[in-house]
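>>> sequence first, then the predicted structure, then my questions.
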Amino acid sequence: LPVAHADIDDYTPGATLTDGYTAQTKKVYINFLIEVVAETFTSGDCFFVTEKTVRPMLMKKPFIVFGSKNYLEYLRQMGFRTFGDFWDETYDGYYVADRYVKILKLIDQLASKSVDELESMYWDMQYTLDHNYDLLMSGKFKRKIVSL
């Protein structure tokens, strides 16, 4: 083990046999605007990207990440764009408990916006969403980051 039953699986984006994971995910993703990502590692000096962060990029949705300190900065070093033009991302520079409180306040701020404001914001961020999707799918993101 492990045993590969096929060259292409249901979870590989763009698979020609089936696009099972992506198709299933798209069904629920149309029902919300922003994904709050709870990454695996939230403390210590680490940066480990998982499917939890990749998923909103693949689905072209904006995200707020509860990850380790400076997680968003490291994503930007890789070439990805985050959403500092649309909301306050200073939560990224705080340690665990303070980061959590800052994220809760950010969620409250976003929740207080009208549907029209949120829809306008979403259309304004299409360039960022497309950039992240294209970079992810091309695999041409930087793989070396500088620790802060």
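Structure's in. What do you need?

>>> how much space between the residue most central in space within the chain and V37?
The residue lying closest to the centre of the chain (C-alpha atoms, centre = their mean) is T53, at 3.9 Å. T53 is 5 Å from V37, where distance means C-beta to C-beta, to the nearest Å. Every C-beta, even on glycine, is put in place using the N, C-alpha and C of the backbone.

>>> so what sits against both of the two?
63, 65, 67 (C-beta atoms under 8 Å, 6 or more residues apart in numbering).

>>> wait, the second one touches V37, no?
Yes: with contact defined as C-beta atoms under 8 Å, V65 reaches V37; the gap is 4.5 Å.

>>> quick check: neighbours shared by those two?
With C-beta under 8 Å, 6+ apart as the test, V65 and V37 both reach T53.

>>> for I64, grab phi and psi.
Here is the backbone geometry of I64 (degrees, to the nearest 10): phi -120, psi 130.

>>> grab the nearest non-local neighbour of M121.
F86 (5.4 Å; C-beta to C-beta, 6 or more residues apart in numbering).

>>> number of nearby residues for that neighbour?
By other C-beta atoms under 10 Å, 16 other residues sit near F86.

>>> give the contact list for it.
62, 121, 124-125.

>>> list the buried residues for the top helix by length along the chain?
Criterion DSSP state H: the longest helix present in the chain is helix 96-111. Within helix 96-111, the residues scored as buried using 16 or more other C-beta atoms under 10 Å are 99, 102-103, 106, 110.
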